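Asker: With the sequence up front, the predicted model follows.
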Amino acid sequence: MPIITVKLLRGAFSHEQKQELARDITDAVVRMGGAGIRPATSVLIEEVDDAMWSIGGAPLSLAEIKARRRAR
């Protein structure tokens, strides 16, 4: 039974986006493992508080995520 854990910075995605992400991940697992695996597939989304995540030793904040999205 697949258990997939996704960690996100709190507030980076809306409730609806997180639901869509969970559905998309489940669909990807089903594509690989067949339809019978859907009922046994769990997706857990954990949220990490702002700036409690670091990349390369530098804290990642919600402001940084928003700036990266604007830069796209």
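Answerer: Everything's here; your move.

Asker: can you list the weak-confidence ranges in the protein?
Answerer: By pLDDT under 70, the chain contains no weakly predicted segment.

Asker: can you give me the strands for it?
Answerer: Listed in chain order, the strands of the chain (DSSP state E) span 3-9, 42-48, 53-55, 58-60.

Asker: With distance to Arg72 and mean neighbour count added, can I get the ones you listed in CSV?
Answerer: Placement of C-beta: from N, CA and C, glycine included. Shown next, in CSV, are these (distance: least, CB to CB, whole Å; neighbours: other CB atoms under 10 Å):
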stretch, distance to Arg72, mean neighbour count
strand 3-9, 17, 13
strand 42-48, 22, 13
strand 53-55, 17, 11
strand 58-60, 16, 13
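
Asker: Now for Ala28, how many residues are close by?
Answerer: Other residues near Ala28 come to 12 when the count uses other CB atoms under 10 Å.

Asker: got a markdown table for the strands of the chain, with distance to Gln17 too?
Answerer: Listed next are the strands of the chain as a markdown table, based on distance: least, CB to CB, whole Å:
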| stretch | distance to Gln17 |
| --- | --- |
| strand 3-9 | 9 |
| strand 42-48 | 10 |
| strand 53-55 | 18 |
| strand 58-60 | 18 |
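
Asker: what about the helices in this protein?
Answerer: Applying DSSP state H to the chain gives helices spanning 15-33, 62-71.
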